[in-house]
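>>> Fold the following, please.
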Amino acid sequence: MFHKYYQPLCIYAYQFVSFEDVEEIVQDVLLWIWQNRDTLLIRSSLKAYLYRSVHLRCLTRIEQNSAKKRMEARYWERYSSQSVPMPDDVQVDELLNRIHEAINRLPDKFREAFVLHRFQDRSYKEIAEQLNVSQDR
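Okay, here's the model as predicted:
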């Protein structure tokens, strides 16, 4: 299924979204279908289902990107009129150093769990399994 439909679906999706979004959308659709293959009930042809799924995901991505742009515009509208100075590189570096120092002061297991969750986007369940600890927060 992947070899047969991946490239045509990417070409189709490119009509609607940017190149950066195309592969992610198509891969998500194909992965979702594979993961749900045992319970999935397709009433049309697989090809029609795939194209419709990609089309709907493209529309969702377009709306997400549009909402993101609107929020960014509101943010800059609100804060560009204020005379709040932007932090310079030295301030940002100092803040990052303080954050790293605080993380390094955590006990080993806490630090490892924090890094896995915050910087590697692991779920609490995945962290608990990897560190062999209880999932209770």
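>>> switch to C-alpha atoms for all contacts and neighbour counts from now on
OK.
>>> Not counting its neighbours along the chain, what's nearest Leu40?
Nearest residue to Leu40 in three dimensions, chain neighbours excluded: Ile33, at 7.5 Å (C-alpha to C-alpha, 6 or more residues apart in numbering).
>>> now that neighbour: how far from Val26?
Using C-alpha to C-alpha, to the nearest Å, one gets 11 Å for the distance from Ile33 to Val26.
>>> same question, Asp121
Distance of Asp121 to Val26, computed by C-alpha to C-alpha: 22 Å.
>>> before we move on, back to that, comparing Ile33 and Val26, which residue is more hemmed in?
Between Ile33 and Val26, counted using other C-alpha atoms under 10 Å, Val26 has the larger neighbour count: 28 against 16.
>>> What helices and strands are in contact with the helix or strand hosting that one?
Here Val26 sits within helix 19-35, counting by DSSP states H and E. When contacts are defined as 3 or more C-alpha pairs under 8 Å, 6 or more residues apart in numbering; DSSP states H and E, helix 19-35 sits against helix 2-13, helix 46-80.
>>> Next, the buried residues of it.
21-23, 25-27, 29-30, 33 (16 or more other C-alpha atoms under 10 Å).
>>> Next, format these as CSV and append distance to Ile11.
Shown next, in CSV, are the buried residues of helix 19-35 (distance: C-alpha to C-alpha, whole Å):
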residue, distance to Ile11
Asp21, 12
Val22, 8
Glu23, 10
Ile25, 12
Val26, 10
Gln27, 13
Val29, 14
Leu30, 15
Ile33, 19
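>>> between these, which is nearest Gln64?
Distance to Gln64, by C-alpha to C-alpha, is smallest for Asp21 among the buried residues of helix 19-35, at 11.5 Å.
>>> ok, now how distant is that closest one from Ala13?
Asp21 is 9 Å from Ala13, where distance means C-alpha to C-alpha.
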